[in-house]
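J.: how does the following fold in three dimensions:
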Amino acid sequence: MKKIISAFALLAFLAGGVNLAEAKPFVVVKKELPKRVLLIVNKPKCPYKHGVWIAGHWRWQNSQFVWAEGYWVKHRPGFTWVDGHWGKSHEGWIWIEGHWRKL
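T.: Numbering: from 1, shown residues only. Below is the predicted model of the structure:
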């Protein structure tokens with residue numbers, strides 16, 4: 001079974017399904033996520049025509065959660081933005097980066 005998975009991974013890599021240049025290391029946070037709090041976000045006016053708002057999020061920094069402000073980016077034609085989010089793993093929490101997904 002391991003050989004089948006390895007062969008499939010190699011095939012996906014060769015077909016362009018895996019981009020090593022975009023691979024980023026990740027941190028497993030073994031602490032619970034911050035409790036939901038009401039944050040009032042003052043979203044500034046978009047500086048671009050058809051800009052996309054990248055939402056703020058809690059990030060792990062120096063052994064604690066800190067708020068990362070949202071910001072505007074230029075729209076990428078043919079793509080849609082998928083927000084980042086925290087995902088639960090068997091070891092703790094991991095941050096799944098936001099990314100552009102081809103339409």
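J.: what's the span of stretch 54-63 from first residue to last?
T.: Taking C-alpha to C-alpha, to the nearest Å, stretch 54-63 runs 24 Å from one end to the other.
J.: again with stretch 60-76
T.: According to C-alpha to C-alpha, stretch 60-76 extends 28 Å from its N-terminal end residue to its C-terminal end residue.
J.: check which residues of stretch 63-81 are buried.
T.: Residues of stretch 63-81 classed as buried by neighbour count (16 or more other C-beta atoms under 10 Å): 65, 75, 81. All C-beta atoms are positioned from the backbone trio N, CA, C, and that covers glycine.
J.: which ones among those residues are found in strands?
T.: Within the buried residues of stretch 63-81, membership in strands is found for 65, 81, as judged by DSSP state E.
J.: and which of the buried residues of stretch 63-81 is nearest residue 51?
T.: residue 75 (6.3 Å; C-beta to C-beta).
J.: which pLDDT value goes with the closest residue to that closest one other than its chain neighbours?
T.: The spatially closest residue to residue 75, leaving aside those adjacent along the chain, is residue 50, at 4.3 Å (C-beta to C-beta, 6 or more residues apart in numbering). As summarised for this prediction, residue 50 has a pLDDT of 92.
J.: what do you get for residue 6?
T.: Turning to residue 6, the model gives it a pLDDT of 35.
J.: just the one 10 residues further on next, same as before
T.: Per-residue confidence at residue 16 stands at 38 (pLDDT).
J.: now stretch 86-100: buried residues?
T.: Across stretch 86-100, burial judged by 16+ other C-beta under 10 Å covers 86, 93, 95.
J.: against residue 84, how distant is the second one?
T.: To tie it back to what came earlier, the one meant is residue 93. According to C-beta to C-beta, to the nearest Å, residue 93 and residue 84 sit 12 Å apart.
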